[in-house]
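Novice: following is a predicted model, sequence given first.
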Amino acid sequence: MSWNEFMLFLVFAIVFSTVNHLMFKAFARRRIDLLSAIVINYVVCVVIGYRSSMASISMPAMLGQNWYPFSVLQGGLLVACLFLIGWTTAKQGVSIASLATRLSVAIPTVIAFFLYDDAVTTLKIIGILAALFALYLSGVEDGETAAELRAINLLPFILFVSFGVHSTLLKFVQARFLDNTSYHAYVMASFFAALLISGLVLAWRIFKQRYTIRRQDMAAGLILGCTNYGAVYFLIRALGVPGWQSSQLFPTISIAVVGLSSLGAWVVFNERLQGRTLGALIIGVAAIALVNL
């Protein structure tokens, strides 16, 4: 695989993840029903994955793959993380939920040193710590006090661990089981499991609460499905490129997504770039340079 192909995977993973962040901001402003959009999104992801993977692997063969049980677990984690974000936001606020998800990059980064023999250098350690500090700053509002940030309970911790396990599992399966013929199949299988779980929740809501899915929710889910599939697929492809260690990749993508999301929110939604965010971007750029030296 050429350097240009790798950069293509990396850039697409960052761009699609950034668009996902901005779309969730748009959903909130347009009062999109999140559960409906998420279920439709998973339908789209499964369709894209099915059409992309059937050329290399059939459905019966996919069910017999050694990675299939992991795809079910991956799908469950996708749904669990979504609901944990909602619960944590409701109980602790947006900043605490955002902080938990962004700092979860520490889990797959540290595990990479032990499972995949990623190089441990002083500069890389400094860069990783700087990246975590930048992510911390990006999740804190200027007006928040230290006392408010000490409000830690079980929910943010579970959210932190769940997102970290999700990223760690993605790298583990890629390293141990996947190749160029099975990337699409694994991503599709994961989204199919997520569809079944979230679909059951939506079905209960429709029948018990007489809820009707609106056209705008379906449209939002259709768009989100395309970007969400791209974000996961190109991340796992980037993880599979030899010579690029996951302890470099995860901090790099996280910082890039946070930075582009902040800039995108400023351009698209006229959100003010706060002092902490600007400081986080500067530190983040330096961190990316350090982890890749």
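Specialist: Noted; the coordinates are in hand.
Novice: what is the least confident helix or strand in the protein?
Specialist: Lowest by mean pLDDT, DSSP states H and E among the helices and strands of the chain is helix 146-149, with a mean of 47.
Novice: heading C-terminal from that helix, find the next helix or strand.
Specialist: Counting by DSSP states H and E, the next helix or strand C-terminal to helix 146-149 is helix 154-176.
Novice: show me what counts as buried in that next one.
Specialist: Taking 16 or more other C-beta atoms under 10 Å as the basis for neighbour counts, the residues of helix 154-176 that come out buried are 155-156, 158-160, 162-174. Any C-beta I mention is one placed from the backbone N, CA and C, and that applies to glycine too.
Novice: is it true that residue 186 touches residue 178?
Specialist: Yes. The pair residue 186 / residue 178 is scored as a contact, 5.8 Å apart, by C-beta atoms under 8 Å.
Novice: ok, which stretches of this protein are helices?
Specialist: Using DSSP state H, the helices of the chain run over residues 3-29, 34-53, 59-63, 68-92, 94-103, 106-115, 122-138, 146-149, 154-176, 183-209, 215-239, 246-269, 275-291.
Novice: so where is the stretch 51-200 of the chain shaky, pLDDT-wise?
Specialist: By pLDDT under 70, the low-scoring segments of the stretch 51-200 of the chain are 54-58, 86, 89-99, 138-153.
Novice: run the last query once more with 80
Specialist: 53-62, 82-83, 85-103, 134-156, 181 (pLDDT under 80).
Novice: near residue 208, how many other residues are there?
Specialist: Using other C-beta atoms under 10 Å, residue 208 is surrounded by 8 other residues.
Novice: for residue 63, same thing?
Specialist: Every residue meeting other C-beta under 10 Å relative to residue 63 is counted, giving 9.
Novice: that one and residue 199, how far apart?
Specialist: In this structure, residue 63 and residue 199 are separated by 19 Å, where distance is defined by C-beta to C-beta, to the nearest Å.
Novice: before we move on, what about residue 251?
Specialist: Taken as C-beta to C-beta, the spacing of residue 251 relative to residue 199 amounts to 34 Å.
Novice: again, but for residue 281
Specialist: 38 Å.
Novice: equivalent analysis for residue 133, please.
Specialist: For residue 133 relative to residue 199 (C-beta to C-beta), the value is 40 Å.
Novice: same check, this time on residue 121
Specialist: 46 Å.
Novice: equivalent analysis for residue 222, please.
Specialist: The spacing between residue 222 and residue 199, counted by C-beta to C-beta, is 16 Å.
Novice: follow-up on the earlier one: more neighbours, residue 186 and residue 178?
Specialist: When residue 186 is set against residue 178 and neighbours are counted by other C-beta under 10 Å, the residue ahead is residue 186, at 27 against 21.
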